[in-house]
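K.L.:
heads up, no residue letters with this:
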């Protein structure tokens, strides 16, 4: 049984940082494309970053330059370092895994999310 568990969310003031972590069990982590998504209240889900198996990560325009994602295949872990946070980053953040590509519709497994709240 595959389990996807996010952690590291919380409340932070604007300009602050948070580090999200996602641990997956029950699958061969190295085979999967790993991604972070987020969804703010009243808004559609959007991609934040995507770690391909071997290529450099993809970042959304809003994440580029502020967020850094990495994966540790030995520990089955995906990380998202978020710096210079602002209120627009307030959302539920989800970790997801896919064998195909980075699109949300292609994700095979999802975590339950971790809440990030940025106060101005």
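P.N.:
Everything's here; your move. All figures in this text were calculated on a predicted structure; none of them were measured in a lab.

K.L.:
Next up, the contacts around the residue nearest in space to the middle of the chain.
P.N.:
In the chain, the centroid-proximal residue (CA atoms, centre = their mean) is residue 36; its distance is 2.4 Å. Residue 36 makes contact with 20, 22, 47-50, 69, 78, 80, 93-96 under the criterion CB atoms under 8 Å, 6 or more residues apart in numbering. Where C-beta positions appear, they are placed from N, C-alpha and C, glycine not excepted.

K.L.:
Which of those sits closest to residue 10?
P.N.:
residue 20 (9.7 Å; CB to CB).

K.L.:
which SSE is that closest one in?
P.N.:
strand 18-25 (DSSP states H and E).

K.L.:
Check which strands are paired with that strand and give the direction for each one.
P.N.:
Applying DSSP bridges to the sheet, strand 18-25 is found paired with strand 3-7 (antiparallel), strand 77-82 (antiparallel).
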